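Student: Predicted model and sequence follow; I will ask about them next.
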Amino acid sequence: GAGLVVDELTGLLRGRVAVGMVTSCAPLGLPDLLADFHEDHPGVEINLVEDNSDRLIAALRAGRLDTAVLGLAGPTPPGIETETVTDEPIVARDRALISLPRGTGLRTCLDEACAAAGFAPRIAFEAGDPNVLA
């Protein structure tokens, strides 16, 4: 039956995939999705790397990663194919801000938006983990 065919095909799925992720994407549930995928396809070795967007892009270009979930500011980097998962506006007011560190897509967006508006943001606290920021 169809179930037997599916079982036979899933058993053929083998290999290795290296995935990168920025810390701020943790709430999207990527680690859980990868764990579920690995449970369904134990023949696939999954390596998950956490870093900032700039270093993840460098790792993609160097072939150390197969795919990555990261934040981008501006145009897509050359040699990288992207698909937008979420696109949200950033609002900054005349107050000291909390922010992700430089090298992250969100921080680059913030710095560039503030520069375009003619000011530099006052960062009172910065951390790479959104839970620490909260």
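Tutor: Now that the structure is in, tell me what you want to look at. Numbering: from 1, shown residues only.
Student: Only C-alpha atoms from now on, for both contacts and neighbour counts.
Tutor: Will do.
Student: any low-confidence regions in the chain?
Tutor: 1-12, 24, 26-27, 90, 92 (pLDDT under 70).
Student: In the helix or strand Gly20 falls within, which residues are buried?
Tutor: Assigned by DSSP states H and E, Gly20 belongs to strand 15-21. Using 16 or more other Cα atoms under 10 Å as the test for burial, strand 15-21 gives Ala18, Val19, Gly20, Met21.
Student: now swap in stretch 62-69 and tell me
Tutor: Leu65, Thr67, Ala68, Val69.
Student: and the buried residues of strand 15-21 as a markdown table, adding distance to Pro31?
Tutor: As requested, those are arranged in a markdown table below (distance: Cα to Cα, whole Å):
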| residue | distance to Pro31 |
| --- | --- |
| Ala18 | 13 |
| Val19 | 10 |
| Gly20 | 11 |
| Met21 | 9 |
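Student: Can you lay out the buried residues of stretch 62-69 as JSON lines showing distance to His38?
Tutor: Listed next are the buried residues of stretch 62-69 as JSON lines, based on distance: Cα to Cα, whole Å:
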{"residue": "Leu65", "distance to His38": "17"}
{"residue": "Thr67", "distance to His38": "16"}
{"residue": "Ala68", "distance to His38": "17"}
{"residue": "Val69", "distance to His38": "18"}
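Student: From those residues, which land in strands?
Tutor: If you go by DSSP state E, the buried residues of stretch 62-69 have Thr67, Ala68, Val69 in strands.
Student: May I have the secondary structure class of the closest residue to Ala120 other than its chain neighbours?
Tutor: Nearest residue to Ala120 in three dimensions, chain neighbours excluded: Cys114, at 5.7 Å (Cα to Cα, 6 or more residues apart in numbering). Classification of Cys114 by DSSP: H, G, I helix; E, B strand; the rest coil places it in helix.
Student: from what I can see Cys114 touches Ile123, true?
Tutor: No: with contacts counted by Cα atoms under 8 Å, Cys114 stays clear of Ile123, the gap being 11.9 Å.
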